[in-house]
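1. What follows is a predicted structure for the sequence shown.
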Amino acid sequence: MDTYKTIESPAEGLYKEQGSKFLAFAYPVDTTEAVKLLVEAKRKEFHDARHVCYAYMLGPERTEFRSNDDGEPSGTAGRPILGQINSNQLSNILIIVVRYFGGILLGTSGLITAYKAAAAEAITASIIVDCLIESNYVINFTYEQMNAVMRVMKENQLNIVSQEQALECKLIFSVRQSLESLVCERLSKLESVKVEKIG
């Protein structure tokens, strides 16, 4: 898989149940630092709310994730939010649900339904996009090898990020995950060509 799904920009959703209001906010995020800042900002903005619960998923492989119930009964808030992220196969996303208590207890199943529905509303309001998983490489080669190197770039539709030409040439390119080994193998076979991964 060369791609993963995420959301293009922040989006909001709202769910009401028995007087309680569940305000949902979805954000595209890349790091846990970004998650912390956004959660703190929402806690300050909605300082009078009863609960500020959230869940996030990070990385193209969707291996880094966490959910938080913020005082709601265990598993009734963060996990249903995370469940919506999973069922839509999203990554690099944070969903925060702010609850204003309406005076009537919803019970465990009621809470699960409410947090799930609020998160679903925010996802429905989002524009979902496919992101390409790419790695960057730097390649050093002699001017004589320019045509051979450029042929590999063109045939594999590689994106050239930057290029320096002199007696020694330097080129930075990005390659999608599925083509990585093939492209590196082809370039490494060229005489006096050095390929190195940079990120």
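-> Thanks, I have it. Numbers count the residues shown, from 1 in each chain.

2. Quick check: closest non-adjacent residue to the residue most central in space within the chain.
-> In the chain, the centroid-proximal residue (Cα atoms, centre = their mean) is N92; its distance is 1.7 Å. Using Cβ to Cβ, 6 or more residues apart in numbering and skipping the chain neighbours, the partner closest in space to N92 is T6 (4.4 Å). C-beta: built from backbone N, CA, C; applies to glycine.

3. burial count for that neighbour?
-> The tally of other residues near T6 (other Cβ atoms under 10 Å) stands at 21.

4. Please state the offset of whatever helix or strand it lives in from the chain centre?
-> Following DSSP states H and E, one finds T6 within strand 3-7. With Cα atoms, centre = their mean, to the nearest Å as the basis, the distance from the averaged C-alpha position of strand 3-7 to the chain average is 6 Å.

5. same question, stretch 171-184
-> Using Cα atoms, centre = their mean, the offset of stretch 171-184 from its chain centre is 21 Å.

6. Could you number the chain from 28 rather than 1 from now on?
-> With the count now opening at 28, the last piece we talked about shows up as stretch 198-211.

7. what's the first-to-last distance across that stretch?
-> Using Cα to Cα, to the nearest Å, the end-to-end distance of stretch 198-211 comes to 14 Å.

8. tell me the mean pLDDT for that stretch?
-> Model confidence over stretch 198-211 averages 86 on the pLDDT scale.

9. For it, which residues meet the burial criterion?
-> Of the residues in stretch 198-211, those buried under the neighbour-count criterion (16 or more other Cβ atoms under 10 Å) are 198-200, 202-203, 206-207, 210-211.

10. got any ranges where the chain has weak pLDDT?
-> Within the chain, the stretches falling below the threshold (pLDDT under 70) are 28, 194, 226.

11. How about N113, nearest residue that isn't a chain neighbour?
-> Nearest in space to N113, with sequence neighbours left out and distances taken as Cβ to Cβ, 6+ apart, is M84 at 7.5 Å.

12. residues contacting the residue nearest to the centre of the chain?
-> Taking Cβ atoms under 8 Å, 6 or more residues apart in numbering as the definition of contact, the neighbours of N119 are 31, 33, 55-57, 84-86, 158.
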